[in-house]
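S.K.: Generate coordinates for the sequence data below:
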Amino acid sequence: MLVLGLLLMAGAAAFAGLLIAYNLSGGPDYTVTLLGSEPFTVSTLGAFLGGIALTLIFGVGMWMLLAGTVLARRRSRRRRTDRMAARQAGAERDVLADRLGGRDDPAATEPTETAGHRRPSPHRPGWLRPHGH
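M.R.: Numbering: from 1, shown residues only. Okay, the predicted model is just below:
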């Protein structure tokens, strides 16, 4: 959505820029010159309506760009909270597994470490253990 919005905006801006650059002469009817050819003649009303159409296309592109940015931000925030919840659930699971494994005395347990730097649990499969520990 971001790329499509950016392409729409760039295309509309480039087309409007080319039309302005090649058609600076005035008159009741304008012969449009675009890249060395004259594809059509347009009246003042037609030029006005063409400008409105280009502005609408540019606006749709801008809207798509902004909507894509907002969606990406929401997704990243949701992923971040899901990762934190998974870390907390894993830490709770490890504590409960240690209790079931015979460490019922809370004074005998080791102090908990900061999130992300836990010791590997023997109850956790090898592919879930942090690398380098």
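S.K.: next structured bit after the helix or strand of the chain with the lowest mean pLDDT?
M.R.: Ranked by mean pLDDT, DSSP states H and E, the helix or strand of the chain with the weakest confidence is strand 29-34, at a mean of 71. Where DSSP states H and E defines the elements, the next helix or strand beyond strand 29-34 is strand 37-43.
S.K.: Could you tell me which strands that next one is paired with, and in which direction each runs?
M.R.: Paired strands of strand 37-43, with direction, are strand 29-34 (antiparallel) (DSSP bridges).
S.K.: what's next to stretch 7-19, contact-wise?
M.R.: 32, 34-35, 50-51, 54-55, 57-58, 60-62, 64-65 (Cβ atoms under 8 Å, 6 or more residues apart in numbering). Where you see a C-beta, it was placed from the backbone N, CA and C, and this is true even at glycine.
S.K.: Dump those into a markdown table; add secondary structure and neighbour count as well.
M.R.: Listed next are these as a markdown table, based on DSSP: H, G, I helix; E, B strand; the rest coil; neighbours: other Cβ atoms under 10 Å:
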| residue | secondary structure | neighbour count |
| --- | --- | --- |
| 32 | strand | 16 |
| 34 | strand | 14 |
| 35 | coil | 7 |
| 50 | helix | 15 |
| 51 | helix | 13 |
| 54 | helix | 16 |
| 55 | helix | 12 |
| 57 | helix | 17 |
| 58 | helix | 18 |
| 60 | helix | 15 |
| 61 | helix | 20 |
| 62 | helix | 15 |
| 64 | helix | 19 |
| 65 | helix | 18 |
